[in-house]
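K.L.:
A predicted structure for the sequence below; I have some questions about it.
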Amino acid sequence: MKRLAPLAIAFGLLVLSLSGASAAETVYCSAENPLPHGTYRHVDAGAGCVLEEQHILVGSLVIDAPSDSSVVVGSHVLDDVAVFGGNVEIDGARVGGSIYAISAANVTMTDSWVGGDIWNTCGCLGSSVANNDVDGSVLLDGAGSEFVTVTDNVIGGDLFVQNPSGGVTLDRNRIGGHFRLADTTAHQGASTVNGNHVAGRFELSRNRVNDIFGEGPEAGPSLVVSANVVQGHAGVFQNSGLELLGNQIVGALVCSSNTDLVQSGNTARTRFGECTD
């Protein structure tokens, strides 16, 4: 996936193109009030709003829709995007600032460039971040009681995921900073951390199996972690039902206080604790 940072230069040129009524301070968009293609400063988006590539926002975008309604964003946004409600699909967008998902039903972010962070604290039913180019970090805190998917992204900063209580898929990301997955209650056999390239540290802490159906650890692993390449140190702490397979650690690998840990084919400069041969 090509880096899209040069679009930031284009955003700067767009500021100079503001003119006429389309440059109003804040306008409202919904299914009943669709916006003509053009350039706007700030947009408040409600149920049924669709923002396409021909919509240019040189300010911010605020999305606040009922949980059973949808908002689709594929536009150019120079500043930040804040999500307070609805089923939100951000696809093919160009966001110069950060995306904050504060409260929503489902949030999907695909094939977009983000100049800042993706920060999801909404506790959504589902959260998906796929095939994006993110200059900052991806921080998913409490997102996804049903599933969290972060796949095939180029992330300049960190990837931190914590507190989801469903299936977790964190695969094939290139991460310029650190990786951390913590406090997951994952479905058995349905969660993976595979094929990531991490420039910094790699941590798995307090992740466990979802035994709501009484299946217990004997039914299979809750989390399979395989074929990751880590340039820094890796730590595996207080996990239950985890498989650690074929990972390449340039630094040290430290494992402590894990239950039902399965390990095979991992390489590291040095090993400590439960991950020693």
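P.N.:
Yep, it's here. Numbers count the residues shown, from 1 in each chain.

K.L.:
show me the contacts for residue 196.
P.N.:
159, 170, 171, 172, 173, 174, 175, 179, 228, 229 (CB atoms under 8 Å, 6 or more residues apart in numbering). In short, each C-beta sits where N, CA and C put it, glycine included.

K.L.:
rerun that using 7 Å as the cut-off
P.N.:
With contact taken as CB atoms under 7 Å, 6 or more residues apart in numbering, residue 196 is in contact with 170, 171, 172, 173, 175, 179, 228.

K.L.:
I'd assumed residue 150 was in contact with the fourth one.
P.N.:
Meaning residue 173. Yes: using CB atoms under 7 Å, residue 173 is in contact with residue 150, at 6.3 Å.

K.L.:
residues shared between the contacts of the two?
P.N.:
In contact with both residue 173 and residue 150: residue 159, using CB under 7 Å, 6+ apart.

K.L.:
is there a neighbour count for residue 74? I'd like the number.
P.N.:
Residue 74 has 18 neighbours, counted by other CB atoms under 10 Å.

K.L.:
against residue 202, how distant is it?
P.N.:
According to CB to CB, to the nearest Å, residue 74 stands 34 Å off from residue 202.

K.L.:
now do residue 231
P.N.:
Residue 231 is 9 Å from residue 202, by CB to CB.

K.L.:
these two: who's more crowded?
P.N.:
residue 202 (27 against 15).

K.L.:
correct me, but that one touches residue 236?
P.N.:
No: with contacts counted by CB under 7 Å, residue 202 stays clear of residue 236, the gap being 8.9 Å.

K.L.:
how about low-confidence regions in the stretch 101-250 of the chain?
P.N.:
143-145, 187-189, 210-221 (pLDDT under 70).

K.L.:
contacts only, for the residue nearest to residue 84 when sequence neighbours are not counted.
P.N.:
Spatial nearest neighbour of residue 84, chain neighbours left out: residue 64 (4.2 Å); criterion: CB to CB, 6 or more residues apart in numbering. Contact partners of residue 64, counting by CB under 7 Å, 6+ apart, are 44, 46, 84, 85.

K.L.:
count the residues that sit near the nearest residue to residue 58 once chain neighbours are set aside.
P.N.:
Leaving aside its chain neighbours, residue 58 sits nearest to residue 78 (4.6 Å; criterion: CB to CB, 6+ apart). Counted by other CB under 10 Å, the residues lying close to residue 78 total 22.

K.L.:
my guess is residue 78 contacts residue 93, does it?
P.N.:
No: using CB under 7 Å, residue 78 makes no contact with residue 93, being 11.6 Å away.

K.L.:
neighbour count winner among residue 173 and residue 150?
P.N.:
residue 150 (29 against 25).

K.L.:
contacting residues around residue 176?
P.N.:
Residues in contact with residue 176, defined by CB under 7 Å, 6+ apart, are 155, 156, 157, 199.
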